[in-house]
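[1] I'd like to go over a predicted model; first the sequence, then the structure.
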Amino acid sequence: MLLIAILVFTLIGCGFGILTGLIPGIHVNNVAHMVLVSETAIIGLATMVFGWAEPNMQDLIIIISSLIIGTVVTHTFLDFIPSVFLGAPDGDTALSVLPGHRMMMAGRGFEAVKCSVTGSFGAMIFCLILLVPLRLFIGQPVNAYANLESFIHLVLLCVSAFLILGESARAREEFNFNDVEMTGFVMSGAVGAGDCAHEGMALPEIDGMEPDRKEMVAVQGVVENVLDDEGNSGDDNDDNNNGQTSIVLRDNKNKKKINVRLHKWNTRVPEIGDEVVVMGQVTARVTWKDHMLKRGMALGIFVLSGILGMVLLSPSGLVGQNLYFIRFASSDTGIIFLFPMFTGLFGLSTLLLSLKDKPAIPEQEVDDVKVNVSPRRQLKSIMSGCLASVSSLFPGISSAIATMIAVNLHGDRDSEGEGGQPPKKNNIGGRRNKSQNKSIKNEKKDETSEFIISVSSVNTSVGIFNLLALFIIMKSRSGAMKAVEAIMGSNITPWAPISNVPLELASLLFAALIASIVALWLTLKFGRIFAKNFSKINYQKMVLGVIIFLIVMIAIFSGVLGLAILGITTFMGFIPPLVGVKRVHLMGSLVVPVILYFL
């Protein structure tokens, strides 16, 4: 009887998860609070439906808690859909907005949803596999929680430092002579670039050079100057070339120039005025000052967002002074502060910037869509997300911060990359053959897909690990788990020894597994519906509609204070793309307060 009752109430929870996952602003904590205050009525309903089995109070408590677990798990699957198609994030999906939204603008929205489902369901299975090892690691005999709790701020400092130092300067799309250079050989006896280029080699003109090309190119031009290793001009360099000679190559057609650094084994140093063909690779010319400037801007954004987080998340009387347009006040800080903060930093700012492009929503691919990531890479992405989520067992570590750790573990580069974008048309795109285009495009696709899988696995595994924390370290790490803790009260039994798994934990894990199977189907179903109909919508009108919808939701749930936070954070969200750094540094709004909490 207990299993049947758990199944029924888990499915009811899945229904609530549909609402919380698809409608921005309605958080799973709201449902958990509603269940908590309606506990007596729900117990009466369960008794009426399953009274024939004469359930005891322990059974009824497990049944009610399974409703919350069903909501939590379903929410972690479905909340990715609004982040892809609407650009409306919460704290759990904030970092996935940009890659997912870009995939949608490339006609790959449903593929992004499939990647998310892969990460979430894979995380569920991997978390179940990790149950015993995690219990041994967090609890007896390793006692990692007790031993590492006081050092968690050092881990966050290291993660933040890696993210900031990971910023590097790149050549601009509109470049001049000082932005790029070429490294290669002067070809002897070549009449033209085509005479020495093998099949498939790109033959761009100098004004069509693209920085950081991975393939060889052949370029023809006139030597305008010859430079030694100290940059001195002259054409009296030794013919044997000591490895540091450079030439300035000019295209006679459009007078564009590029600096060519000759390989040390180059057999010929040309003279000024010679018409030559150079074969080599084009790279961005950046100095350590360029890198330090980019990292300095990233640090500034991290600190600025951290100050914002300290102001918003520090105990104060702001919540009590808040004004609501509709008397739907919530004491949940996640609604009052985090919803408008993340919407401004990652959602509204992205939507407003997209308005200037005026793109048409491409038709979304929904038939025979596959996750274009190898099983090995999928497993790596899921494992990195799950392992990073273990940090959520410590106080103050949310799924958003766990996502930052997963980015470092997995080495993802697409939290702000261009994976999923359609090819740009600009004046630096030299000619590539079809196989080269396909190879580079597929590489970017894989990076984006792996990033989404990793982020989604964090989202779901954090929910499961929060449940485990309730029975391993006897602490609740989320609003939903606080509600479960309040419902169960003294019925929570610690998982000790290792062979004595509490009935409550086993039952709720069963509910989580059932919910994940149902949520997998629901996410694919709703994702397909969104993808099929989204291309019929005018993008400009859709974005304006979403912006208005988000503002209204924040006004309802967060009041005047929420609107003020939304305005401030939206302007702050403009800064990273305008200065050319990743938005992940805006997560300082959570990381800095947590670090200070542990100091």
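    All right, it came through fine.

[2] how close does residue 557 get to residue 563?
    Separation of residue 557 from residue 563 (C-beta to C-beta, to the nearest Å) stands at 11 Å. To be clear about C-beta, it is placed using only N, CA and C from the backbone, and glycine gets the same treatment.

[3] Looking at those two, which one has more neighbours?
    The residue with more neighbours, out of residue 557 and residue 563, is residue 557; 23 against 16, by other C-beta atoms under 10 Å.

[4] Is it correct that the more buried one is in contact with residue 337?
    No. Using C-beta atoms under 8 Å, residue 557 is not in contact with residue 337, being 11.0 Å away.

[5] what's the first-to-last distance across stretch 99-112?
    9 Å (C-alpha to C-alpha, to the nearest Å).

[6] and if you look at stretch 487-507?
    By C-alpha to C-alpha, the extent of stretch 487-507 from end to end equals 15 Å.

[7] for that stretch, what is the average pLDDT?
    Taken as a whole, stretch 487-507 has a mean pLDDT of 87.

[8] List the buried residues for the strand or helix carrying residue 46?
    Element membership for residue 46 (DSSP states H and E) is helix 39-50. Buried residues in helix 39-50, counted by 16 or more other C-beta atoms under 10 Å: 42, 43, 46, 50.

[9] same question, stretch 523-530
    In stretch 523-530, counting by 16+ other C-beta under 10 Å, buried: 523, 524, 526, 527, 528, 530.

[10] I'd like to know how many residues surround residue 511.
    Around residue 511 there are 28 residues (other C-beta under 10 Å).

[11] One more: the one 4 residues further on?
    A total of 29 residues lie near residue 515 under the criterion other C-beta under 10 Å.

[12] Could you identify the helix or strand that succeeds the one helix or strand residue 222 maps to?
    Assigned by DSSP H and E, residue 222 falls within strand 217-227. The first helix or strand that comes after strand 217-227 along the chain, using DSSP H and E, is strand 246-250.

[13] Which neighbouring elements make contact with that following strand?
    strand 180-187, strand 217-227, strand 257-262, strand 275-284 (3 or more C-beta pairs under 8 Å, 6 or more residues apart in numbering; DSSP states H and E).

[14] ok, residue 120 to residue 102 distance?
    With C-beta to C-beta as the criterion, residue 120 and residue 102 are 20 Å apart.

[15] neighbour count winner among those two?
    Shown here are residue 120 and residue 102; by other C-beta under 10 Å, residue 120 has more neighbours (30 against 22).

[16] Can you find the helix or strand of this structure with the lowest average pLDDT?
    helix 193-196 (a mean of 52; mean pLDDT, DSSP states H and E).

[17] For the stretch 101-250 of the chain, which residues score under the pLDDT cut-off?
    Along the stretch 101-250 of the chain, the model assigns pLDDT under 70 to residues 170-180, 188-216, 228-244.

[18] Recalculate using a threshold of 50.
    Residues of the stretch 101-250 of the chain meeting the criterion pLDDT under 50: 173-177, 199-201, 203, 236-241, 243.

[19] Is it correct that residue 55 falls within a helix?
    No. Under DSSP: H, G, I helix; E, B strand; the rest coil, residue 55 falls outside any helix and is assigned coil.

[20] For residue 43, see how far away it is.
    Taking C-beta to C-beta, one finds residue 55 at 10 Å from residue 43.

[21] again, but for residue 49
    Applying C-beta to C-beta to residue 49 and residue 43 gives a distance of 11 Å.

[22] Summarise which helices and strands the biggest helix by length in the chain is packed against.
    Looking across the chain with DSSP state H, the single longest helix is helix 539-579. Here helix 539-579 touches helix 288-313, helix 339-342, helix 349-355, going by 3+ C-beta pairs under 8 Å, 6+ apart.

[23] now that helix: mean pLDDT?
    85.

[24] Show me the domain layout of the chain.
    Segmentation of the chain into domains, based on automatic domain parsing, reads 2-168+360-423+434-539, 180-285.

[25] could you dump whatever helix or strand residue 378 lives in to CSV, C-alpha only?
    Under the criterion of DSSP H and E, residue 378 resides in helix 375-389. Taking C-alpha atoms only, helix 375-389 is exported to CSV below (Å, rounded to 0.1, in the frame of the first residue of the first chain):
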residue,chain,number,x,y,z
PRO,A,375,28.6,8.6,-24.5
ARG,A,376,32.1,9.1,-22.9
ARG,A,377,31.7,12.9,-23.0
GLN,A,378,28.2,12.7,-21.8
LEU,A,379,29.3,10.6,-18.8
LYS,A,380,32.1,13.1,-18.1
SER,A,381,29.7,16.0,-18.1
ILE,A,382,27.3,14.2,-15.8
MET,A,383,30.0,13.1,-13.4
SER,A,384,31.5,16.5,-13.2
GLY,A,385,28.1,18.0,-12.4
CYS,A,386,27.4,15.4,-9.7
LEU,A,387,30.8,15.6,-8.1
ALA,A,388,30.5,19.4,-7.9
SER,A,389,27.1,19.1,-6.4
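
[26] How about residues contacting that helix?
    With contact meaning C-beta atoms under 8 Å, 6 or more residues apart in numbering, helix 375-389 is reached by 118-119, 122-123, 126-127, 130, 371, 373, 399, 402-403, 405-406, 409-410, 446, 450-451, 453-458, 461-462, 465.

[27] Provide a ChimeraX selection command restricted to the buried entries of these.
    This is the ChimeraX syntax for the buried subset of these, where burial follows 16+ other C-beta under 10 Å:
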select :118,119,122,123,126,127,130,371,373,399,402,403,405,406,409,410,446,450,451,453,454,455,456,457,458,461,462,465
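
[28] Keep only those of the contacts of helix 375-389 that are in helices.
    Taking DSSP H, the ones among those that sit in helices are 118-119, 122-123, 126-127, 399, 402-403, 405-406, 409-410, 446, 450-451, 453-458, 461-462, 465.

[29] would you say residue 153 is within a strand?
    No. Residue 153: not assigned to a strand; according to three-state DSSP it is helix.

[30] okay but it is in contact with residue 592, surely?
    No. Under the criterion of C-beta under 8 Å, residue 153 is not in contact with residue 592, lying 10.3 Å apart.

[31] So those two - more neighbours on which side?
    With neighbours defined as other C-beta under 10 Å, residue 153 and residue 592 compare such that residue 592 has more, 22 against 17.
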